[in-house]
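Asker: this is the structure alone, sequence omitted:
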């Protein structure tokens, strides 16, 4: 499928919205933008930038996207920082901070930051600003992760760099720390016309399930997420096993590997152990996921889970809602911004709560259908 | 009749870092916050809440009902009709009057801590002109079907804060023509608290059709 252009979104966004975007863009004038993040593939940030950058360019706002480089030691550090900022208790030696800064400095030296607006995504490249002296342009730090309970040592280290920015953007006020700079809330978004979300025909969906040997003899409950402790994949298996005592179903877990995530294999091993040899649990680990297949998994699901225990936003919730699926989500981070409990989905706080809602929705298909349609 | 140029508005939500854990703290926030914050939690919230057709019309009522279970107070705040307010200060005074009245009758309610705090936002607003011009009622009617819901919202709801008039932009413009006095009156009577923005567009269109 060809890459959609702005005019293709007219039917999705409603009357004259695209025209007004051009009007708004004209006020930006000839200012330019650079986006910087840590991976070109995998995860929500890369996925959004793949679409946002071309759309901004189509609006006439010259926009570049750069990805920082790093060795395995850098990404081990940044993943540990990511976990710490989401609340994991851990003490870091000074060497760890030196590694982080050394890679940020190396990337700074290899990159240029001449655009009028520089948007740095997430903690991995947050310290790039340290080496930018006497800047004439504006720098914004866009934080996508759940910072509601940050590890104080890591946050104390990062905060001075964040406060060098002109502004910071968070997905929820829950994540907004005390800072000396202005802060804004901005929700991420899915691309409804991308392969991951566009309409699919039934034959294709059947063929994907056949390819991965997923029978459709029972309702399918699905979680699609990185294998990451904050997505609670082991809790998903526990909830599924409890629910299945009352409602026969299958569990489908699908995750891919992001270039900046060295932890996935370890968590996957825990997931496999929790699943055991249960024939109703299908675990799929993709080195690189195919968007239309993810789309097919979601459309084939009777219930979509996102049982996170920390969460920046969870685009998977919006993806499932877009496909009229009933969603059960952890009541954390950006998920309550997408699910109004009992109206557009169900929010849960525990394994037991997730199990109860799986049972409840499988045994009340009319309620499940209504939740899916209410978004 | 003067030419009517359609406008629209966009906004950026600013996190103020201020929050309330109970009704006493909320009262203090409402007293001391910027007009932009009052606007955000009333007019701007109304725009979003109408789209999903919840019974709520402002963020204060949502928080009070959901996180404090003070349904009676939430109902009083829900009953505020934004159409009656053409300045943020008069709206702020009304909210304070309701909160203070409730406190005098239910002092213990003001000490209870909410499950989740109320987060105070403010708004950076950007109102811009579109390239759509209505030269008469007929061209207005044609364009009404093509403008964005943001533009419907701006002219029918938000603009009363700009004009300081207790009326919407559309009926204000129509009223300039002596032949459309009755039409303007009918447009003013369309209840913005009941309909989604798309429904408002349909109602306005159907009403205008009666005069073409």
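Answerer: Here it is on my side, so go on. For clarity, every value in this text was computed on a predicted model and none was experimentally measured. Numbering: from 1, shown residues only, chains lettered A, B, ... in the order given.
Asker: tell me where chain B has strands.
Answerer: Assigned strands in chain B, in chain order: B:4-20, B:118-134 (criterion: DSSP state E).
Asker: and for the stretch 251-375 of chain A?
Answerer: Taking DSSP state E, counting those that start in this stretch to define them, one finds strands in the stretch 251-375 of chain A at A:281-286, A:303-306, A:327-330, A:346-348.
Asker: residues near residue A:164, how many?
Answerer: Taking other Cβ atoms under 10 Å in any protein chain shown as the criterion, the count of residues near residue A:164 is 17. Just so you know, the C-beta spots here come from the backbone N, C-alpha and C atoms, and that holds for glycine as well.
Asker: for it, give me the pLDDT.
Answerer: As predicted, residue A:164 sits at a pLDDT of 97.
Asker: double-check residue A:311 against residue A:144; I have them as touching.
Answerer: No - if you go by Cβ atoms under 8 Å, residue A:311 and residue A:144 don't touch, sitting 10.2 Å apart.
Asker: higher neighbour count, these two?
Answerer: When neighbours are counted by other Cβ under 10 Å, residue A:311 comes out ahead of the other of residue A:311 and residue A:144, with 28 against 23.
Asker: contacting residues around the closest residue to that one other than its chain neighbours?
Answerer: Using Cβ to Cβ, 6 or more residues apart in numbering or on different chains and skipping residues adjacent in sequence, the residue nearest residue A:311 is residue A:333, 3.4 Å away. The contact partners of residue A:333, by Cβ atoms under 8 Å, 6 or more residues apart in numbering or on different chains, come to A:146, A:148, A:171-172, A:174-175, A:308, A:310-314.
Asker: okay if I get the strands of chain B as a markdown table plus distance to residue A:125?
Answerer: Supplementary listing: the strands of chain B in a markdown table, determined by distance: least, Cβ to Cβ, whole Å:
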| stretch | distance to residue A:125 |
| --- | --- |
| strand B:4-20 | 22 |
| strand B:118-134 | 26 |
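Asker: could those go into a markdown table alongside mean neighbour count, mean pLDDT and distance to residue A:99?
Answerer: Compiled in a markdown table, the strands of chain B are given as follows (neighbours: other Cβ atoms under 10 Å in any protein chain shown; pLDDT from 0 to 100; distance: least, Cβ to Cβ, whole Å):
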| stretch | mean neighbour count | mean pLDDT | distance to residue A:99 |
| --- | --- | --- | --- |
| strand B:4-20 | 18 | 94 | 31 |
| strand B:118-134 | 17 | 93 | 36 |
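Asker: got the residues of chain A near chain B?
Answerer: A:14-17, A:19-20, A:23-24, A:27, A:170, A:173, A:176, A:178-179, A:182-186, A:340, A:343-344 (Cβ under 8 Å from any Cβ of the partner chain).
Asker: filter those residues to the buried ones?
Answerer: Neighbour counting with 16 or more other Cβ atoms under 10 Å in any protein chain shown marks A:15-17, A:19-20, A:170, A:173, A:176, A:179, A:182-185, A:340, A:344 as buried within those.
Asker: restricted to strands, list the residues you listed.
Answerer: By the criterion of DSSP E, membership of these in strands covers A:170, A:183-185.
Asker: so what's the spatially most central residue of chain B up against?
Answerer: When Cα atoms, centre = their mean is applied to chain B, the residue found nearest the centroid is residue B:43 (3.0 Å). With Cβ under 8 Å, 6+ apart as the criterion, the residues that contact residue B:43 are B:82, B:157-158, B:161.
Asker: just to revisit the earlier point, farthest-apart pair in the buried ones among the residues of chain A next to chain B, please.
Answerer: Taking Cβ to Cβ as the measure, those span a maximum distance of 38.6 Å, between A:15 and A:179.
Asker: what parts of chain B come near chain A?
Answerer: Contacts of chain B with chain A, taken as Cβ under 8 Å from any Cβ, map to B:8, B:10, B:12-15, B:17, B:19, B:52, B:54, B:119, B:121, B:126, B:128-131, B:145-151.
Asker: that older thread, and the gap between the residue nearest to residue A:311 and residue B:124?
Answerer: Computed as Cβ to Cβ, to the nearest Å, the residue A:333 to residue B:124 distance reads 24 Å.
Asker: over to residue B:139?
Answerer: With the distance defined as Cβ to Cβ, residue B:139 ends up 33 Å from residue B:124.
Asker: what's the answer for residue B:137, then?
Answerer: Going from residue B:137 to residue B:124 by Cβ to Cβ gives 35 Å.
Asker: my guess is residue B:58 meets residue B:77, correct?
Answerer: Yes - judged on Cβ under 8 Å, residue B:58 makes contact with residue B:77 at a distance of 6.2 Å.
Asker: buried residues of stretch B:145-153, list them for me.
Answerer: For stretch B:145-153, using 16+ other Cβ under 10 Å, the buried residues are B:147-153.
Asker: hmm, I was thinking of stretch A:152-165
Answerer: Residues of stretch A:152-165 classed as buried: A:154-155, A:157-159, A:161-162, A:164-165 (neighbour count, 16+ other Cβ under 10 Å).
Asker: before we move on, what about stretch B:153-169?
Answerer: Neighbour counts using 16+ other Cβ under 10 Å place B:153-161, B:167-169 of stretch B:153-169 among the buried residues.
Asker: make JSON lines from those and add pLDDT to it.
Answerer: As requested, the buried residues of stretch B:153-169 are arranged in JSON lines below (pLDDT from 0 to 100):
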{"residue": "B:153", "pLDDT": "91"}
{"residue": "B:154", "pLDDT": "93"}
{"residue": "B:155", "pLDDT": "95"}
{"residue": "B:156", "pLDDT": "92"}
{"residue": "B:157", "pLDDT": "87"}
{"residue": "B:158", "pLDDT": "86"}
{"residue": "B:159", "pLDDT": "86"}
{"residue": "B:160", "pLDDT": "82"}
{"residue": "B:161", "pLDDT": "80"}
{"residue": "B:167", "pLDDT": "85"}
{"residue": "B:168", "pLDDT": "91"}
{"residue": "B:169", "pLDDT": "93"}
